[in-house]
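Novice: Build me a model:
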Amino acid sequence: MSQLPGKVEAWYDTIMRSFEERYTRSMRSFSLAISFAVVALLNANLFDIYREVSANESKRDLIVQSGERIASRLREQPAANSGEINQTLEDWSRKSYEEIEQNV
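Specialist: Residues are numbered from 1 along each chain as shown. This is a model prediction of the structure:
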């Protein structure tokens with residue numbers, strides 16, 4: 001019975017590593033597919049976009065103003081309280097550990 005926690009820990013690490021690798025692989029594939037779809041749907045050509053922005057002053061000004069508006073909105077949003085987040089994570093980890101203890 002004393003060897004059980006060590007075996008469970010080794011099993012858990014192995015399983016989590018395989019899930020992490022699978023998740024990483026699927027997210028890479030998913031992001032690549034999204035990128036291709038965006039490029040195809042928008043017919044986005046980086047050089048054409050650069051030429052348009054550099055040649056047209058009104059478009060450049062519009063982009064800069066949009067960036068400033070977005071930055072001001074982000075500053076106005078309340079910041080996430082890291083203390084509350086850490087407390088929530090601690091509660092979750094404690095509950096999970098208790099459930100694992102009960103199941104073992």
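Novice: Tell me the first helix or strand C-terminal of the biggest helix by length in the chain.
Specialist: The single longest helix within the chain, with elements called by DSSP state H, is helix 4-42. Next along the chain after helix 4-42, taking DSSP states H and E as the criterion, comes helix 46-55.
Novice: Can you give me the buried ones in that next one?
Specialist: For helix 46-55, burial by neighbour count (16 or more other C-beta atoms under 10 Å) applies to no residue. (Glycine included, C-beta is placed from N, CA and C.)
Novice: List of residues touching it?
Specialist: Helix 46-55 is contacted from outside by Lys59, Arg60, Ile63, using C-beta atoms under 8 Å, 6 or more residues apart in numbering.
Novice: quick revisit: could you check the angle the longest helix of the chain makes with helix 46-55?
Specialist: If you take axes from the mean of the first three to the mean of the last three C-alpha atoms, to 10 degrees, helix 4-42 sits at 60 degrees to helix 46-55.
Novice: what about helix 4-42, average pLDDT?
Specialist: For helix 4-42, the mean per-residue pLDDT is 86.
Novice: Among the contacts of helix 46-55, which lie within helices?
Specialist: Counted as lying in helices by DSSP H, out of those, are Lys59, Arg60, Ile63.
Novice: Return the closest of those residues with respect to Thr14.
Specialist: The shortest gap between Thr14 and any of these belongs to Ile63, at 48.9 Å (C-beta to C-beta).
Novice: Can you tell me the closest non-neighbouring residue to that closest one?
Specialist: The shortest distance from Ile63 to any non-neighbouring residue, by C-beta to C-beta, 6 or more residues apart in numbering, is to Val53 (6.7 Å).
Novice: Quick check: the one you found vs Ser18, distance?
Specialist: Per C-beta to C-beta, to the nearest Å, Val53 is found 45 Å from Ser18.
Novice: if we can go back for a sec, gap between the longest helix of the chain and the chain center?
Specialist: 12 Å (C-alpha atoms, centre = their mean, to the nearest Å).
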